[in-house]
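K.L.:
I'd like to go over a predicted model; first the sequence, then the structure.
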Amino acid sequence: MASLNQLAGYDYRFEKGTDDRGPVLLLLHGTGGDENDLIPFARLVAPAADLVSVRGNVFENGAARFFRRIAEGVFDLDDLALRTANLLRFVSEAAEHHGFTTERMVALGFSNGANVAASMMFTDPKILRHAVLIRAMLPFEPAMLPDMKGCSALIAAGRTDRMIAAPMTERLAELMRSAGARVDLKWQEAGHGMTQADVNDARSYIQSWLVA
């Protein structure tokens, strides 16, 4: 197991891959997870990729998250803006520290991690351009859409997900497309948990990203 590092106030795990021209996956876990959770999923999706797996530094009843919420599905928008800016700074510092460019970075986020990744893309798509967003919802309504031409996202949603209302996921895809991003919204016959179909779709997305 790779040793734990720290940058910009975040503990994270870095694993060097074998493809210096391929993607660098930014792994962002769900509520209650840590920097180890998405490593197996990432290795199934992109075996040769560099991995930067971050541990959330906000805690809800002891469970790690990436930003605060007021209630289920109700986010603390001031805290979301602060934590989004902090994560964008982390990405820039990690790229410099580990010798890769942010153009190579693809976020792979689940639930809370997917929501903060979407927030990062809306806030500064020059730093985070691409993402696999598993069980994501719109984190906030941008006052003005950024220019997301050249950006892309796979949004993997569950038809029986009781934690996320379908219109919130559809709105996320709609706004990203309106901003110019290439978005593939995939609906799985699943709830909030990840499935093999998510692995397959994420792998296909990463492969298409490599040849885009």
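P.N.:
Noted; the coordinates are in hand.
K.L.:
How are the strands of this structure distributed by residue range?
P.N.:
For the chain, the strands defined by DSSP state E occupy 4-7, 10-15, 24-28, 50-54, 58-60, 63-65, 69-71, 74-75, 105-110, 130-134, 152-158, 182-188.
K.L.:
What residues sit buried inside the helix ranked longest in the chain?
P.N.:
Assignment by DSSP state H gives helix 77-98 as the longest helix of the chain. By neighbour count with 16 or more other CB atoms under 10 Å, helix 77-98 contains the buried residues Leu80, Arg83, Thr84, Asn86, Leu87, Leu88, Phe90, Val91, Ala94, Ala95. C-beta: built from backbone N, CA, C; applies to glycine.
K.L.:
got any ranges where the protein has weak pLDDT?
P.N.:
1-2, 209-212 (pLDDT under 70).
K.L.:
What are the phi and psi values at the most far-flung residue of it relative to its centre?
P.N.:
Distance from the C-alpha centroid of the chain, by CA atoms, centre = their mean, peaks at Asn61 (22.8 Å). As for Asn61, its main-chain torsions (degrees, to the nearest 10) stand at phi 50, psi 40.
K.L.:
hmm, back to that, what's the longest helix of the chain packed up against?
P.N.:
When contacts are defined as 3 or more CB pairs under 8 Å, 6 or more residues apart in numbering; DSSP states H and E, helix 77-98 packs onto strand 4-7, strand 10-15, strand 50-54, helix 112-123.
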